[in-house]
Every structure is written in structure tokens, then in C-alpha cells.
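Undergrad: Okay, sequence plus prediction incoming.
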Amino acid sequence: DDMDLSSDLQVICDETWYAWMAQILAGMSENEFVAVCKRSVAALRGLSTHVEARSRLNPWFDLDFSSLGECEFRIAKDEHRAITLEQLCALRDFFIQFAGGEGLLT
């Protein structure tokens, strides 16, 4: 039972939707899946009537954090730091204390 994607509005049951999505997602690579998610977020953003929602960056898709942790960088002036060294160490200790064997917070 193929869904008619040419119609503007089609009501389908949850079971049909889940089966269709599982079929589509099963054939995708990780990169293809991420690309589909990005396009979906962009499309939803474009449909929004709120200017703020359309312009707000999504940290999962719009920001590239891949370079973080590649090198050590010290911000010389305290007033330019978002967190003090003492606060950062306390945060690190908290995560270590409550992280399970695989590093996940439990």
C-alpha cells in the first residue's frame, strides 16, 4: 500500500505511517539520515509564522562543534570566560562522580 505523496493532505493511521517510515529509514546511511533531518528542520522553520523561530539556530544542525577538543585554548581574561576554572572543575567532578562505566550519567 503506497502512500500518495502527491496529495496535499492525507490522513493515515499510525501503523501505516510507522511502517512507511521504517521502510524509508532502513535504506538510509547515517549521512543520508542526518541530511533528511536537516532538510526537515529547515522546512518546519520555513513554515513558522514567528520570525524568532525561523532565525533561531538549532545546535544539532546549524552549529559545528567538531573542532572542540582538538587543542587546548586558554582565555586569558576572567571577564571573557563563560565559566570560571573552579566552576568547570566542579562540573567535571560532578560528571565523573555520577557517570556509569560507559561515561553516561545515571
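TA: Structure received. Numbers count the residues shown, from 1 in each chain.
Undergrad: What segments of this protein are helices?
TA: Remark: helices assigned in the chain by DSSP state H are 14-26, 30-47, 51-55, 85-98.
Undergrad: Can you lay out these as CSV showing mean neighbour count?
TA: All C-beta atoms are positioned from the backbone trio N, CA, C, and that covers glycine. Shown next, in CSV, are these (neighbours: other CB atoms under 10 Å):
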stretch, mean neighbour count
helix 14-26, 10
helix 30-47, 11
helix 51-55, 10
helix 85-98, 10
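Undergrad: Make a markdown table from the ones you listed and add distance to Gly69 and mean pLDDT to it.
TA: Listed next are the helices of the chain as a markdown table, based on distance: least, CB to CB, whole Å; pLDDT from 0 to 100:
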| stretch | distance to Gly69 | mean pLDDT |
| --- | --- | --- |
| helix 14-26 | 30 | 87 |
| helix 30-47 | 20 | 85 |
| helix 51-55 | 29 | 76 |
| helix 85-98 | 13 | 88 |
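Undergrad: Serialize those to a markdown table and add fields for distance to Phe65.
TA: Shown next, in a markdown table, are the helices of the chain (distance: least, CB to CB, whole Å):
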| stretch | distance to Phe65 |
| --- | --- |
| helix 14-26 | 25 |
| helix 30-47 | 14 |
| helix 51-55 | 20 |
| helix 85-98 | 17 |
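Undergrad: Phe61 is nearest to which of those helices?
TA: Nearest to Phe61, of all the helices of the chain, is helix 30-47, at 4.9 Å by CB to CB.
Undergrad: so Ala99 bridges to which residues?
TA: Leu105 (DSSP bridges).
Undergrad: Tell me the predicted confidence for it.
TA: Note on Ala99: pLDDT of 85.
Undergrad: I'd say it and Leu105 touch.
TA: Yes: Ala99 lies in contact with Leu105 (CB atoms under 8 Å); the separation is 5.8 Å.
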